[in-house]
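K.L.:
Build me a model from this:
(one chain, ligands or ions: 1)
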Amino acid sequence: MRDITIAIDGFSSTGKSTIAKKLADKLGYVYVDTGAMYRAVALFALQNQCIEKDVVNEEKLIASLDAIQIKFKYNPQVGFAEVYLNDENVESKIRTLEVSKYVSPVATISEVRKMLVNQQQDMGKGKGIVMDGRDIGTVVFPEAELKIFMTASAETRAQRRYRELKERGNNISYDEVLENVTTRDKIDTTREDSPLVKAEDAIEIDNSDLTIEEQLLRILNLANTLIHKKSDCN
Ligand code: DC
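P.N.:
Predicted coordinates:
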């Protein structure tokens, strides 16, 4: 038996974090939501006047990167590690549509990516980790033993995100959410630095018609096969 690295990438609102959390729980692995880290930087940008007239002021944000400290702390009440921005728990503040609107432009900035990728690689040094994001299997852990690439139609994903935001009390329309999902897809897949692409050795799962349990079982089987695989040297 050995510890492995599990990279889960895919489009926004494909339910990556739901599956990744459950998977980490079953395996006793650490779970890291890298989208939360980019969202925390976008929240910092909003709170520190790095967004002017709807546009991210890249120079100002880059000059402020030293003032951004992102940490995760496990909360036993919710069963996962929540994200902290400069010692403040921002887990719910980063899930608003306003942060979603600016997070993709913020994630195109190479200096931001470099800072966060370094932290992510540090967190995964000891393996035994499930990390979800857009570039985990391609850039952060190209050597990950298991890579999953999640997809679903834009409409299915927008419905899911719409329900989630409504449940949290956000007053938005389905059309606004769909627009945000498709805009983010475009920015995430066409940016120059680390665009969202399926790693060649990733296993693609279209979960439009799969339940959470079905997805979990499938990925858990794949992970267990690798965890119990005898070393190639034997
Ligand atoms: O997974 P999410 O929707 O919370 O991610 C928010 C944004 O952060 C997403 O639009 C793209 C960006 N992101 C990224 O560029 N690289 C990652 N590893 C994770 C997220």
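K.L.:
now for whatever helix or strand residue 116 lives in, which elements pack on it?
P.N.:
According to DSSP states H and E, residue 116 maps onto helix 110-123. Helix 110-123 is packed against strand 30-33, helix 34-47, helix 58-63, strand 129-133, with contacts defined by 3 or more CB pairs under 8 Å, 6 or more residues apart in numbering; DSSP states H and E. Where C-beta positions appear, they are placed from N, C-alpha and C, glycine not excepted.
K.L.:
tilt between the second one and strand 129-133?
P.N.:
The reference is to helix 34-47. The directions of helix 34-47 and strand 129-133 differ by 50 degrees, with axes from the mean of the first three to the mean of the last three CA atoms, to 10 degrees as the criterion.
K.L.:
wait, residue 168 sits on residue 92?
P.N.:
Yes: if you go by CB atoms under 8 Å, residue 168 and residue 92 touch, sitting 7.5 Å apart.
K.L.:
what's the burial count for the residue nearest to residue 156 when sequence neighbours are not counted?
P.N.:
The shortest distance from residue 156 to any non-neighbouring residue, by CB to CB, 6 or more residues apart in numbering, is to residue 208 (4.8 Å). The number of residues packed near residue 208 is 11, by other CB atoms under 10 Å.
K.L.:
OK, contacts around residue 208?
P.N.:
The contact partners of residue 208, by CB atoms under 8 Å, 6 or more residues apart in numbering, come to 152-153, 156.
K.L.:
now swap in residue 74 and tell me
P.N.:
80-82.
K.L.:
so which of these comes closest to residue 132?
P.N.:
Nearest to residue 132, judged by CB to CB, of the contacts of residue 74 is residue 80 at 11.6 Å.
K.L.:
So, low pLDDT: which residues of this structure?
P.N.:
Applying pLDDT under 70 to the chain flags the ranges 231-234.
K.L.:
And the helices in it, which stretches?
P.N.:
Secondary structure of the chain (DSSP state H): helices located at 16-27, 34-47, 58-63, 97-107, 110-123, 154-167, 174-190, 212-227.
K.L.:
which of the ones you listed is buried the deepest?
P.N.:
When you average the neighbours per residue for each of the helices of the chain (mean count of other CB atoms under 10 Å), helix 34-47 leads with a mean of 23.
K.L.:
between it and helix 110-123, how many degrees?
P.N.:
140 degrees.
K.L.:
Helix 34-47 relative to helix 16-27, how many degrees between them?
P.N.:
Here helix 34-47 runs at an angle of 130 degrees relative to helix 16-27 (the same axes, to 10 degrees).
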